[in-house]
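Trainee: okay, predicted coordinates and the sequence, questions at the end:
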Amino acid sequence: MSEAPKLYTNKPKKAQLKQFQEQQKGNDFAASTPPRASSSSAAAATYQMGPSSSAPPPPPQPPKESFARRYKFLWPLLLTINLAVGAYIFMRTKGKDKSVIEEDGAKDAPATPVSTTASITEKPLPAPPVTEVAKLRKPIPEDQQRELFKWILEEKRKVKPKDLEERKRIDEEKAILKQYIRAKSIPSI
């Protein structure tokens, strides 16, 4: 009743199979609706025509080119865009790394260098002209300044010097802090 499956040298696409099946249905429908003569003659006609009596299926068409070959003009465009996006991301992250390094360098350097030979009676040098508008802040009360100097002195005492030169520098800084703490009036910063 059913035929053995056919082996194809070029396997037909699904679209081609559907088209062939629709043709078969169309032929079967035309064969199954002959003028009403008798049911036995109609059965004999469909039996004789059968699925194999229709025209042989058209030979399979050669396969289409692959997607990559069909749109080969897009490959250089895609590669260029990919390279541009990669370069943008690389440069953006590299810029972030530089800013992080600069921030770390700023934290390592002292904010205000402490002069080891400075005394309380010396006047500071005039500051260079500032281009930005300086914000006026309320002066820090002397009590809080003394507490801050005491805290800095305690921290200096905790530091372990690595060599003789560093030890001398720390001792000088501690002496200056002690002078500020003992003074009756603290100079304004």
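Mentor: Ah, there it is. What you see is a predicted model, and the numbers here were worked out from it, not measured in a lab.
Trainee: what about the protein, any weak spots by pLDDT?
Mentor: Regions of the chain meeting the criterion pLDDT under 70 cover residues 1-9, 28-56, 99-130, 188-189.
Trainee: helix or strand next in line after the helix ranked longest in it, which one?
Mentor: When the chain is parsed with DSSP state H, its longest helix is helix 74-108. Next in sequence after helix 74-108, counting helices and strands by DSSP states H and E, comes helix 142-158.
Trainee: buried sites along that following helix?
Mentor: 145, 149, 153 (16 or more other C-beta atoms under 10 Å). Quick note: C-beta positions are derived from backbone N, CA and C, even for glycine.
Trainee: just those residues now: which is nearest residue 131?
Mentor: Proximity of those to residue 131, judged by C-beta to C-beta, is greatest for residue 145, which lies at 28.7 Å.
Trainee: what's the closest non-adjacent residue to the closest one?
Mentor: Using C-beta to C-beta, 6 or more residues apart in numbering and skipping residues adjacent in sequence, the residue nearest residue 145 is residue 186, 5.1 Å away.
Trainee: pretty sure that neighbour contacts residue 142?
Mentor: Yes: here residue 186 reaches residue 142: they are 5.2 Å apart, a contact under C-beta atoms under 8 Å.
Trainee: the nearest residue to residue 167 once chain neighbours are set aside in helix, strand or coil?
Mentor: With sequence-adjacent residues excluded and distances taken as C-beta to C-beta, 6+ apart, residue 167 is closest to residue 161, at 3.8 Å. Classification of residue 161 using DSSP: H, G, I helix; E, B strand; the rest coil returns coil.
Trainee: now do residue 161 against residue 186, distance only.
Mentor: As judged by C-beta to C-beta, to the nearest Å, residue 161 and residue 186 stand 27 Å apart.
Trainee: looking at the two, which one has more neighbours?
Mentor: The neighbour comparison of residue 161 against residue 186 (other C-beta atoms under 10 Å) goes to residue 186, with 16 against 12.
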